[in-house]
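> no FASTA, just this:
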């Protein structure tokens, strides 16, 4: 099973933050879900596939 995160840049919110999606793949099946969290380009690490900053409350 592989789990990755991706930041969508095609539909930013009013603050310019892109939504973060989680993608899971197992035995040829794929699942993609919205985490309902936003992340700006400055906060996102492309090479690691995650946010550079933690979200409040986590």
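Thanks, I have it. Please read these numbers as outputs of a predicted model, since none were measured by experiment. Residues are numbered from 1 along each chain as shown.
> The lowest-mean-pLDDT helix or strand in the chain packs against which elements?
Ranked by mean pLDDT, DSSP states H and E, the helix or strand of the chain with the weakest confidence is strand 50-51, at a mean of 74. Counting contacts by 3 or more C-beta pairs under 8 Å, 6 or more residues apart in numbering; DSSP states H and E, strand 50-51 packs against strand 44-45. For every residue, glycine as well, the C-beta is placed using N, CA and C.
> Residues in a beta bridge with the spatially most central residue of the chain, which ones?
For the chain, residue 20 is the residue whose C-alpha lies nearest the centre (C-alpha atoms, centre = their mean; 2.6 Å). With DSSP bridges as the criterion, residue 20 is bridged to residue 7.
> wait, doesn't it sit right on residue 40?
No: using C-beta atoms under 8 Å, residue 20 makes no contact with residue 40, being 10.9 Å away.
> Just give me the longest strand of the protein.
Longest strand in the chain by number of residues, with DSSP state E as the criterion: strand 29-39.
> any idea of the mean pLDDT for that one?
For strand 29-39, the mean per-residue pLDDT is 91.
> Just give me how far that strand sits from the chain centre.
6 Å (C-alpha atoms, centre = their mean, to the nearest Å).
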